[in-house]
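Engineer: Output the structure for:
(chains A, B, C and D)
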4 protein chains.
Amino acid sequence: MTTSEHQHDPHAGAGHDAHAGHGYAADKDAVLARLRRVEGQVRGIARMVDEDTYCIDVLTQVSAATRALENVALLLLEDHLDHCVRDAARRGGPEADEKLAEASAAIARLVRS
Amino acid sequence: MTTSEHQHDPHAGAGHDAHAGHGYAADKDAVLARLRRVEGQVRGIARMVDEDTYCIDVLTQVSAATRALENVALLLLEDHLDHCVRDAARRGGPEADEKLAEASAAIARLVRS
Amino acid sequence: MTTSEHQHDPHAGAGHDAHAGHGYAADKDAVLARLRRVEGQVRGIARMVDEDTYCIDVLTQVSAATRALENVALLLLEDHLDHCVRDAARRGGPEADEKLAEASAAIARLVRS
Amino acid sequence: MTTSEHQHDPHAGAGHDAHAGHGYAADKDAVLARLRRVEGQVRGIARMVDEDTYCIDVLTQVSAATRALENVALLLLEDHLDHCVRDAARRGGPEADEKLAEASAAIARLVRS
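Structural biologist: Below you'll find the predicted structure:
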């Protein structure tokens, strides 16, 4: 990626080219599908609570939804390293430093969450 | 739950309100409100992804939603110990053993998720 | 447990009777063995770092040691619920409330660590 | 590794000291100091258990040691991205792919531990 006018451009064409300013372009549909599933899981948990389901059964579903969200985060992070960080490192300069510091901070938030 | 088909109701009348059978009766509205908020967070994350928001900004929201779900789990667990486990321990017998083993397994799932 | 003079008594006899003021009496040797193993793992990691071992190989061992420590925590917690919390719940009164609140706080620290 | 047979040394002389081959060269003393501290914490926990310290007090120290280990992992990971991954991305080719996949797998192990 040599030109920079693509960065952060949210809707650069319907096909979401791989350099659309984020790293998950190629996995966008998969990420959206997983998020829809997590949303459904959380709605299902609310229904269980509304119907006074036994605590442990609710907790099992909360653990499953938490794990599913973590997996979404890991996919986003992998794509981010694979595209945004890799491209920035290749170009070098202060942007590379910034992207690397930013990625480390995101990883720390994830590990601590 | 509108009527009296309360499941798991251990000893209604001994200080336990109409929602015995699970431990979060007193916090039910708070749990539901938190779950609705998490559901909204996850839907918001899907919208961010759909609009090609920058990876790190999406990840920050995923970490926040994960933490919010963990807090729901901790509240449910606290209520479960405070009511179901406490009541079972008070009554003793095999039900107490079962409830304690079940709680430990739920805690392990949560710590590992 | 009907008498209370055993509580918190650290060395009530060499055999560490089950009511010695903590809940892990029966698992004490297993807990100690696991902690010695974790100590050895951490010392091994320091040696790897001292010998300039490749980052990823060091990280793999750090993850393993972290998981081993979490498993020690889960065993201690299970024993604590099974003995201290169960006994306090059986006796009732403010001590039961205190023990339950304390256990929930410990679980929260563990989930968030 | 005592002398100069440094593996993985990407381009010694281009700002990389004698410990290239891993990313934590500049933080090596800090990493070692932290690991020694964790080792002392774990030994202290074993002593607490040996002296029959109350479960919750032991658990608090286990949570602290777990968090300290996670912080070591985050420092190692940050250094790894900053050096090994950055250098590999700069050079490109299959080594870059390999380093990025390896880093993502290490992050996943850490998040799940």
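Engineer: Please name the nearest non-neighbouring residue to residue A:22.
Structural biologist: In space, and not counting its chain neighbours, residue A:22 is closest to residue B:55: 4.9 Å by C-beta to C-beta, 6 or more residues apart in numbering or on different chains. Any C-beta I mention is one placed from the backbone N, CA and C, and that applies to glycine too.
Engineer: Next one, pLDDT for the one you found please.
Structural biologist: Here the pLDDT value assigned to residue B:55 is 97.
Engineer: what separates it from residue A:72, distance-wise?
Structural biologist: In this structure, residue B:55 and residue A:72 are separated by 12 Å, where distance is defined by C-beta to C-beta, to the nearest Å.
Engineer: dump the residue contacts of the residue nearest to residue A:22.
Structural biologist: Listed by C-beta atoms under 8 Å, 6 or more residues apart in numbering or on different chains, the contact partners of residue B:55 are A:22-24, A:76-77, A:79-80, A:84.
Engineer: Quick check: the farthest pair among those residues?
Structural biologist: Spatially, the most separated pair among these is A:22 and A:77, at 12.1 Å (C-beta to C-beta).
Engineer: Show me what residue of chain A gets nearest to chain D.
Structural biologist: residue A:89 (3.6 Å; C-beta to the nearest C-beta).
Engineer: Check the secondary structure at residue A:52 for me.
Structural biologist: Look at residue A:52: counting by DSSP: H, G, I helix; E, B strand; the rest coil, its state is coil.
Engineer: Regarding the residue lying closest to residue A:43 once chain neighbours are set aside, which helix or strand does it belong to?
Structural biologist: Counting by C-beta to C-beta, 6+ apart, residue B:39 is the residue found nearest to residue A:43 once chain neighbours are left out, at 5.6 Å. Element membership for residue B:39, per DSSP states H and E: helix B:28-50.
Engineer: show me the contacts for the residue most central in space within chain A.
Structural biologist: The geometric centre of chain A, computed from its C-alpha atoms, lies nearest to residue A:76 (C-alpha atoms, centre = their mean), at 3.4 Å. Under the criterion of C-beta under 8 Å, 6+ apart, the contact partners of residue A:76 comprise A:23-24, A:31, B:55, B:58-59, B:62.
Engineer: ok, so of these, who is nearest chain C?
Structural biologist: residue B:62 (16.8 Å).
Engineer: thinking that closest one is in contact with residue B:45, fair?
Structural biologist: Yes. The pair residue B:62 and residue B:45 passes the contact test of C-beta atoms under 8 Å, sitting 6.0 Å apart.
Engineer: Does anything pack onto the one helix or strand residue A:90 maps to? Which helices or strands?
Structural biologist: Using DSSP H and E, residue A:90 maps to helix A:86-91. Contacting helix A:86-91 under the criterion 3 or more C-beta pairs under 8 Å, 6 or more residues apart in numbering or on different chains; DSSP states H and E are the following elements: helix A:94-112, helix D:86-91.
Engineer: What are the buried residues along that helix?
Structural biologist: Along helix A:86-91, these residues count as buried under the neighbour rule (16 or more other C-beta atoms under 10 Å in any protein chain shown): A:86-90.
Engineer: what's in contact with that helix?
Structural biologist: A:1, A:19, A:95-96, A:98-100, D:85-86, D:89-90, D:92, D:96, D:100.
Engineer: In those residues, which has the lowest confidence score?
Structural biologist: Checking pLDDT across those, the minimum falls on residue A:1 at 37.
Engineer: what number of residues lie near residue A:29?
Structural biologist: Other residues within reach of residue A:29, judged by other C-beta atoms under 10 Å in any protein chain shown, total 11.
Engineer: and it, what does it touch?
Structural biologist: Shown in contact with residue A:29 (C-beta under 8 Å, 6+ apart): no residues.
Engineer: Below-threshold pLDDT in chain A: ranges please.
Structural biologist: Screening chain A residue by residue with the criterion pLDDT under 70, one finds the ranges A:1-20.
Engineer: So which bits of it are right by chain C?
Structural biologist: Neighbours of chain C within chain A, by C-beta under 8 Å from any C-beta of the partner chain: residue A:112.
Engineer: Would you mind listing the buried residues in the lengthiest helix in chain A?
Structural biologist: In chain A, ranked by residue count with DSSP state H as the criterion, the top helix is helix A:55-80. Buried residues in helix A:55-80, counted by 16+ other C-beta under 10 Å: A:55-56, A:58-63, A:65-70, A:72-80.
Engineer: same check, this time on stretch A:91-109
Structural biologist: Counting neighbours by 16+ other C-beta under 10 Å, the buried set in stretch A:91-109 is A:96, A:99-100, A:102-104, A:106-109.
Engineer: Put together JSON lines for the residues you listed, with distance to residue D:50 on each row.
Structural biologist: Listed next are the buried residues of stretch A:91-109 as JSON lines, based on distance: C-beta to C-beta, whole Å:
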{"residue": "A:96", "distance to residue D:50": "50"}
{"residue": "A:99", "distance to residue D:50": "48"}
{"residue": "A:100", "distance to residue D:50": "44"}
{"residue": "A:102", "distance to residue D:50": "45"}
{"residue": "A:103", "distance to residue D:50": "42"}
{"residue": "A:104", "distance to residue D:50": "38"}
{"residue": "A:106", "distance to residue D:50": "41"}
{"residue": "A:107", "distance to residue D:50": "37"}
{"residue": "A:108", "distance to residue D:50": "34"}
{"residue": "A:109", "distance to residue D:50": "37"}
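Engineer: any idea which of those is closest to residue D:49?
Structural biologist: Nearest to residue D:49 among those, counting by C-beta to C-beta, is residue A:108 at 30.4 Å.
Engineer: Assess the claim that the closest one and residue D:74 are in contact.
Structural biologist: Yes. With contact defined as C-beta under 8 Å, residue A:108 and residue D:74 form a contacting pair (5.1 Å).
Engineer: which neighbours do these two share?
Structural biologist: A shared contact of residue A:108 and residue D:74, defined by C-beta under 8 Å, 6+ apart, is any residue touching both; here there are none.
Engineer: what sits against the residue nearest to residue A:81 when sequence neighbours are not counted?
Structural biologist: What sits nearest to residue A:81 in space, not counting adjacent residues and going by C-beta to C-beta, 6+ apart, is residue D:100, at 5.5 Å. The contact partners of residue D:100, taken as C-beta under 8 Å, 6+ apart, are A:81-82, A:86, D:85, D:88-89.
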